[in-house]
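*Asks:* Give me the fold of what follows.
(one chain, ligands or ions: 2)
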Amino acid sequence: MNLKSRAKINLTLDVLYKRKDGYHEVKMIMQEIELSDNIVFKECNKIEVNCSHPFVPSGSSNLVYKAVELVKEATGVDAGISIEIEKKIPVAAGLGGGSSNAATTIIGLNKLWDLGLTDQEMENIASKLGADVPFFVKGGTQLATGIGEDLTKLTKAPKLWVVLAKPNLGISTKEVYQNLDANKILCHPKTDRMITAIEKKDIKEICTNVGNVLESVTLHRYSNVRILKSKMSEMGANSSLMSGSGPTVYGLCEGYDKAIQIAKGLGPLSEEIFVTKFV
Ligand SMILES: C[C@@](CO)(OP(=O)(O)O)[C@H](O)COP(=O)(O)OP(=O)(O)OC[C@H]1O[C@@H](n2ccc(N)nc2=O)[C@H](O)[C@@H]1O
Ligand SMILES: Nc1ncnc2c1ncn2[C@@H]1O[C@H](COP(=O)(O)OP(=O)(O)O)[C@@H](O)[C@H]1O
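*Replies:* Ligands and ions are numbered 1, 2, ... in the order given. Next up, the predicted model:
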């Protein structure tokens, strides 16, 4: 069996405060995009996870392996599986690639092993793997609160094209959060306005209200992320923003031709550029 494992971007990402457990209380709107990895499931008598990408581990430290173990633990199934991850989503990029692979694994095993798990049960398993993992069980457009695991499905957002540019550096989410002072955030995104804009399918308002407080950490440290963001806007994207903890920057466009034109213009500045769209 083959399943697509799609990436996400954060249309908004607000941090409300740092919690006692060290995590940050967030309020963010996540959007699933078409860019995807391919996950291949094959019958096997033990757990095997392979990925040929140089920065993604094979074997037991891959999030997918951990997802298989958790599904087995939660359901009592005694079976093996061989999983191959064909990577296209840039790694450590703010696009949730590993989280998506883990959620797709839970969904895949639910089908293959005929487990009858509900979405809620799959989200509960997913939340043990990482803050971003539960989002990918249902995908689409969702409001995420808590550390990212309290989810509310929103109306499907209107179709927008997305130009992604990933600078040649990997970013640790943990480090970005550690370098954020939640008490000194000057400008919080207007999440509620974004929700209304999505409900009304108001593209202009959606593009006006994108915002990510983690930009204050990553843009400050890396000039190439700053440059990519301003170039996207200069070249005519309706808006541009860093996704998650970065360093990927995205530009939103109403038309495919504009998105392609921007992607071509960014060529010399970034090795990994994709044109994709909202799911
Ligand atoms: C920033 C976001 C936005 O969507 O995405 P990415 O940039 O990773 O794609 C997420 O909050 C990332 O979610 P995820 O990547 O699953 O995070 P986890 O593995 O659970 O946590 C990694 C580390 O980030 C910090 N962390 C994570 C989530 C959160 N709400 N507060 C935190 O402080 C913690 O230090 C944790 O040890
Ligand atoms: N299946 C996986 N796909 C991608 N990265 C993985 C996977 N399993 C473990 N990792 C590790 O998780 C880290 C974060 O990767 P990723 O999920 O792509 O980040 P982000 O959420 O910032 O886009 C990487 O350094 C990688 O080594």
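
*Asks:* for the chain, what's the longest helix?
*Replies:* Looking across the chain with DSSP state H, the single longest helix is helix 97-112.

*Asks:* where do the strands sit along the stretch 1-150 of the chain?
*Replies:* If DSSP state E, counting those that start in this stretch is used as the criterion, the strands of the stretch 1-150 of the chain fall at 2-18, 24-44, 47-51, 80-86, 141-145, 150-153.

*Asks:* any idea which helix or strand comes after the shortest one?
*Replies:* Which is strand 150-153. Of the helices and strands lying after strand 150-153 in sequence (DSSP states H and E), the nearest is strand 161-166.

*Asks:* That following strand pairs with which strands, parallel or anti?
*Replies:* strand 249-253 (antiparallel), strand 272-277 (antiparallel) (DSSP bridges).

*Asks:* and for the longest one, what are the contacting residues?
*Replies:* For strand 272-277, contacts defined as C-beta atoms under 8 Å, 6 or more residues apart in numbering pick out 7, 33-35, 90, 159-166, 168, 256, 259-260, 263, 266-267. Glycine gets a C-beta too; all of them are placed from N, C-alpha and C.

*Asks:* which ones are touching the closest residue to ligand 1 within the chain?
*Replies:* Relative to ligand 1, the nearest point of the chain is Gly244 (2.4 Å; C-beta to the nearest ligand atom). Taking C-beta under 8 Å, 6+ apart, we find Gly244 in contact with 8-10, 13, 93-96, 132, 173, 212, 214.

*Asks:* Could I get the buried residue list for stretch 27-34?
*Replies:* For stretch 27-34, the neighbour count (16 or more other C-beta atoms under 10 Å) marks 27-33 as buried.

*Asks:* Pull up the gap between the closest residue to Asn50 other than its chain neighbours and Glu48, please.
*Replies:* Of all residues not flanking Asn50 in the chain, Ser58 sits nearest, at 4.8 Å (C-beta to C-beta, 6 or more residues apart in numbering). Distance, Ser58 to Glu48, by C-beta to C-beta, to the nearest Å: 9 Å.

*Asks:* Understood, closing this out.
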